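1. Provided below are the primary sequence and the corresponding predicted coordinates.
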Amino acid sequence: MLRGMNSVVYGMTWSILGAFWYHGSGGIGKYSAFEGWWRLVPLLSLPFILAGLSFFFYPIRLGARARRTWYMVTNQRVFIAETRQDKPLELRVFAPAEMGSPQVVRRFDGLYDVILTLRAQENPHLKPRLDSGFFGLADGEAAAGAINTATNP
């Protein structure tokens, strides 16, 4: 959830901008600054308000998604499964051919990411890396050790 916290400020900015636009134009009532069909101009602020709310609630959606994610490590593959309501299971499989030795990266918030795919390890600037490993772990070294032990018996 901490990864999405900067979007809260961004979302607040967009929503406040949209609300300021709507209020400044007088709304769509009888006090509107526009006449005729131009009275619809204040409604153009609604996409800004809705986009701002979407950015504002992004960290909450990330947290809910994290609670529905399962990580499985076998001696042949690593699986990341995400359960969803009314949709089939989303499964990401890391085959031995695409996996390198786990690379542990410490984040600014004190948590760790364990990068598994060679493509992400060779190109650290590659975005998004969300499908490349395990993210937000309290003990990244232990997770990398467990993955090494399980995949290299």
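-> Sure thing, it's come through. Numbering: from 1, shown residues only.

2. how about Ser54, what does it touch?
-> With contact set as Cβ atoms under 8 Å, 6 or more residues apart in numbering, Ser54 has these partners: Gly11. No exception for glycine: its C-beta is placed from N, CA and C like everyone else's.

3. Following the chain onward from the helix or strand of the chain with the lowest mean pLDDT, which element is next?
-> One helix or strand of the chain scores below all others by mean pLDDT, DSSP states H and E: helix 118-122, with a mean of 69. Going down the chain from helix 118-122, the next helix or strand is strand 133-137, by DSSP states H and E.

4. Buried residues, that next one. List them.
-> Buried residues in strand 133-137, counted by 16 or more other Cβ atoms under 10 Å: 133-135, 137.

5. Same list, those residues, but as TSV with pLDDT and distance to Arg107 please.
-> Below are the buried residues of strand 133-137 laid out as TSV (pLDDT from 0 to 100; distance: Cβ to Cβ, whole Å):
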residue	pLDDT	distance to Arg107
Gly133	77	13
Phe134	77	12
Phe135	76	9
Leu137	79	10
